[in-house]
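A.B. asks: okay, sequence plus prediction incoming.
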Amino acid sequence: MLYAGRIHWSQKRNGFGFRSEIILSHQGYNYKTNTNTGNVTLDYLLLPQLFTLNFTKLVWLYTGGQAAILLNANVDSTGGNSNGSLLEYFTRFDNGIVGGAEISPLLGFFIGARLNISLSAANRNTSATWPNFIPKVDAKNNVV
């Protein structure tokens, strides 16, 4: 998983604040079947809107909602003809909840942990011929 993005936050004196982010997220998974192997990559634009609780200038917790837009979905496969775009099999828009904590040991530098939980299914059954590299379950786009 790879992230790149921009963060903007406002902080009040009482320790509460608001944080808005724009993140480009590169996610995916590897798969192996009896006939082929490969990997699926999913590129999302994430738009979290978070409430923050600042304990000091160095430590804060946050929680809120998130919208996600699937920009690209590709498969790279060996042993079959399953290469190309997968956008027709995945849900283009997603919403979810976010929670996490961060510390800032140096000004402008922070380290954190986050949990993104999707509230909608990541894949959709749009055809009778379902590819074997997409799980036939109600998968969610959850990221730790």
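C.D. replies: Good, I have the coordinates.
A.B. asks: spatially nearest residue to Asp94 (excluding sequence neighbours)?
C.D. replies: Distances taken as CB to CB, 6 or more residues apart in numbering put Ala68 closest to Asp94, at 4.1 Å, once the chain neighbours are dropped. Any C-beta I mention is one placed from the backbone N, CA and C, and that applies to glycine too.
A.B. asks: does that neighbour really touch Leu45, like I thought?
C.D. replies: Yes. The pair Ala68 and Leu45 passes the contact test of CB atoms under 8 Å, sitting 7.0 Å apart.
A.B. asks: quick one, what contacts the residue nearest to Asp94?
C.D. replies: Under the criterion of CB atoms under 8 Å, 6 or more residues apart in numbering, the contact list for Ala68 reads Ser25, Tyr44, Leu45, Leu46, Leu47, Phe93, Asp94, Asn95, Gly96, Ser118, Asn141.
A.B. asks: report the separation between the residue nearest to Asn72 when sequence neighbours are not counted and Thr56.
C.D. replies: Leaving aside its sequence neighbours, Asn72 sits nearest to Asp43 (CB to CB, 6+ apart; 4.1 Å). Distance, Asp43 to Thr56, by CB to CB, to the nearest Å: 36 Å.
A.B. asks: of the two, which one has the most company?
C.D. replies: Shown here are Asp43 and Thr56; by other CB atoms under 10 Å, Asp43 has more neighbours (16 against 9).
A.B. asks: quick one on the thing from earlier: and the residue nearest to Asn72, what are its bridge partners?
C.D. replies: His26, Asn72 (DSSP bridges).
A.B. asks: so which bits of the helix or strand containing Gly17 are buried?
C.D. replies: Using DSSP states H and E, the element containing Gly17 is strand 16-32. Counting neighbours by 16 or more other CB atoms under 10 Å, one finds that the buried residues in strand 16-32 are Gly17, Arg19, Glu21, Ile23, Ser25, Gln27, Gly28, Tyr31.
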